[in-house]
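> Using only what follows, build the 3D model:
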Amino acid sequence: MKRPITHTVKVLLAASAMILSAAPALAAKAFKVEVTGQGLPLILIPGLASSGEVWQGTVKRFCGARQCHVLTLAGFAGQPAIEQALLPAVEEELAAYISANKLEKPVIVGHSLGGFVALKLASDHPDKVGRLVIVDSLPALGATQMPDITLEQLQSQAARMRDGMLAQDEATRALSQKRTVGAMVTAPADAERIIGWGQQSDRKTVASAMYQLMSSDLRGDLARIKAPTLVLGTWIAYKDYAPRAAIAETFKAQYAKLGGAQIELADTARHFVMYDDPEWMYTRMEQFLK
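Now for the predicted structure:
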């Protein structure tokens, strides 16, 4: 005996509702999102010109019991660029994404520029963030050499850097990128992967995002953050310029207004800690997230 058509319709509607509930409720323009796993939410933000693929190992480690939302920002690693200033757009859309998808107190993990975005989000929207894991990022990167630098000086310094990046010819740009990435990661295969993402990134977006990062100072804003915070820094790549103790002091000073922040420095990993010493990073994350 055939079931009534109304029953079939109900089944189809229920299935559609399940599919829709599993998909992101907001189509963001400032980033692409890939969702993996089930459970407590964890949002992963990559750094400048990087793909969300940088978090593959992290996803494998943490997304059995958690639901990971992996971002790739607009204009980076082949994603279409947007006309708006990238970092404010990412922050605004990510706050809306958290609300639209009913993500209750997500853990935000950010690397480098992604760490800066995470700090900005947590300071402007303190009730939306559960915990922060900041991977080799500072709230005022442009102030590392001059802690008392003014905002006007930061902006002028950052503008010169941006304009210099945009003025490079392709050969100079490629050489500069290879040299920079070579100092940030140890394995040649990892360097090639990162360079490839940079080559796929929109040049104007990268330069503009670097300007936004280097011209900003969040040190005073950290006091608004409510989320417990783990900061995982590095120093070994900079040993020719400053000893470990000096770099540790820089992290401590920059995060002084973020009460209770747990700061640890890796002794072997360079900037891409998730590639150079993933076990060191994962172990500390697991302890922090318990």
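
> can we go C-alpha only for contacts and neighbour counts from here?
Fine.

> Straight-line length of stretch 30-43, end to end?
Its first and final residues considered, stretch 30-43 spans 15 Å by Cα to Cα, to the nearest Å.

> Same check on stretch 230-239?
Terminal-residue distance, stretch 230-239 (Cα to Cα): 23 Å.

> now stretch 267-274
End residues of stretch 267-274 are separated by 14 Å (Cα to Cα).

> For that stretch, list every residue counted as buried.
269-274 (16 or more other Cα atoms under 10 Å).

> What of stretch 253-271?
Result for stretch 253-271 [16+ other Cα under 10 Å]: buried residues 254-255, 257-258, 261, 264-266, 269-271.

> can you check stretch 67-77 too?
67-77.

> Tell me which two of those sit farthest apart.
Greatest spatial distance among the buried residues of stretch 67-77 (Cα to Cα): Q67 and G75, at 25.1 Å.

> just the strands in the chain please.
31-36, 40-45, 66-73, 107-111, 131-135, 229-234, 262-266 (DSSP state E).

> And the residue nearest to H125 when sequence neighbours are not counted, how close does it get to R193?
Take H125 and drop its neighbours on the chain: the residue closest to it by Cα to Cα, 6 or more residues apart in numbering is A95, 7.4 Å away. Counting by Cα to Cα, the separation of A95 from R193 is 30 Å.

> for L132, same thing?
L132 sits 26 Å away from R193, taking Cα to Cα as the criterion.

> ok, now S156?
For S156 relative to R193 (Cα to Cα), the value is 32 Å.

> which stretches of this structure aren't confidently modelled?
1-27 (pLDDT under 70).

> Pretty sure T72 sits against P46.
Yes. Contact criterion Cα atoms under 8 Å: T72 and P46 qualify, at 6.7 Å.

> Overlap of the contact sets of those two?
Common contact partners of T72 and P46 (Cα atoms under 8 Å, 6 or more residues apart in numbering): G52.
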